[in-house]
Structures are given as structure tokens and as C-alpha cells.
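Asks: Model the structure of this input:
(chains A and B)
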Number of protein chains: 2
Amino acid sequence: MARVVVAVMPKPEILDPQGKAVLGALPRLGFTGVTDVRQGKRFELELDGEVTDEVLAEVEKMAETLLSNPVIEDYSVSVER
Amino acid sequence: MARVVVAVMPKPEILDPQGKAVLGALPRLGFTGVTDVRQGKRFELELDGEVTDEVLAEVEKMAETLLSNPVIEDYSVSVER
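Replies: Now for the predicted structure:
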């Protein structure tokens, strides 16, 4: 059993209304010092067996075809411990 | 300038219909070997200045009060390089 994390974030040039809403709410709640917020998605995948290069390539393919929209989002794959 | 990442995930005992939908879609797309999927949120916060313990405590408070719903979600705060 291994856990692989896929992080999906809006591309820098894409507007992010959710992130902007959080950024606008922070000062109203008394929080200062934050200059930008981006909101994205995080997927935790539990995998059978070892995380080989082949498995990671498979997860990259999942991230590209199912978990993200490559037109507006970037993704990154990382292995958790 | 520093970047702090807040990951918000549904608590283990909470149903996660989005994650289940992804899990169900994977075999239909020809992907095997994934035994569970959980979907959560990822926030990237750009901060003015250094990331001190005080700043991190402030971000923890943001995560608890604004970015997550502590009844159904867990959060974790990490500093990105």
C-alpha cells in the first residue's frame, strides 16, 4: 500500500474566483500579510503494491485525463512517504 | 515572499462522494491498482515576509476558521521551500 498525491491548481494566467474570495475574506477576519491565494484540488490515491516508475507514469496519465483539465489547470504528482 | 500550502481533506470517517466518483471512473478508463481515492482542497497562500512560527500559527488559525470545516475536514499546513 502506498499513497500518491495529485495536486491540481489553476494555471497562473487563469482567474481563480474561489481564491480571490478567500483573499478578500482574510482581512475582514483580521488576518493580514497574505498577498495572494490560489485554490485548487488535492487527490489522495491509495495504490496496491509498490510505487514504481511505471505506476507513477500511470498516475500522471490519470491526472492528465481524469483529475485535471489541462486547458486551465496544472497538476503535480508526489509520493507520500 | 513565501508560499504556505494548506491541504484540507475530508476526515476518514466522512463519506467522500467526489472521491468515490473518481474511484469508480478509473477502471472504466482502463486504470487499475487504485484502491481508494479521497478528494480535498489545496490552498496556496503567498505571504509577505518571512515564515516565522507566529506566521504559521496565524495560517493555522486561517485554516481552522476560514479554509476548512473542522467538523468534517482535517487540514495540514506546510511551507513550500
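Asks: Strands of chain A, start to end?
Replies: A:2-10, A:34-47, A:73-80 (DSSP state E).
Asks: Reformat those strands as CSV; add distance to B:N69, mean neighbour count and mean pLDDT.
Replies: C-beta: built from backbone N, CA, C; applies to glycine. Formatted as CSV, the strands of chain A follow (distance: least, C-beta to C-beta, whole Å; neighbours: other C-beta atoms under 10 Å in any protein chain shown; pLDDT from 0 to 100):
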stretch, distance to B:N69, mean neighbour count, mean pLDDT
strand A:2-10, 20, 20, 97
strand A:34-47, 15, 20, 98
strand A:73-80, 23, 14, 96
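Asks: So for B:E58, which of these sits nearest?
Replies: B:E58 lies closest, by C-beta to C-beta, to one member of those: strand A:34-47, at 9.0 Å.
Asks: Pairing partners for that closest one, with directions?
Replies: strand A:2-10 (antiparallel), strand B:34-47 (antiparallel) (DSSP bridges).
Asks: if we can go back for a sec, now the strands of chain A in CSV, with distance to A:L23?
Replies: Putting the strands of chain A into CSV (distance: least, C-beta to C-beta, whole Å) gives the following:
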stretch, distance to A:L23
strand A:2-10, 14
strand A:34-47, 4
strand A:73-80, 19
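Asks: What is the neighbour count of A:M62?
Replies: 23 (other C-beta atoms under 10 Å in any protein chain shown).
Asks: what residues are up against it?
Replies: By C-beta atoms under 8 Å, 6 or more residues apart in numbering or on different chains, the contact set of A:M62 is A:6, A:45, B:26, B:29, B:31, B:34.
Asks: coming back round to it: please identify which of the strands paired with strand A:34-47 is closest to A:A21.
Replies: Per C-beta to C-beta, nearest to A:A21 of these: strand B:34-47, 11.5 Å.
Asks: What sits closest to A:K20 if chain neighbours are left out?
Replies: A:V37 (7.4 Å; C-beta to C-beta, 6 or more residues apart in numbering or on different chains).
Asks: check contacts around the one you found.
Replies: A:19-20, A:22-23, A:26, B:43-46 are the contacts of A:V37 under C-beta under 8 Å, 6+ apart.
Asks: Closest one of these to A:E54?
Replies: B:E44 (29.9 Å).
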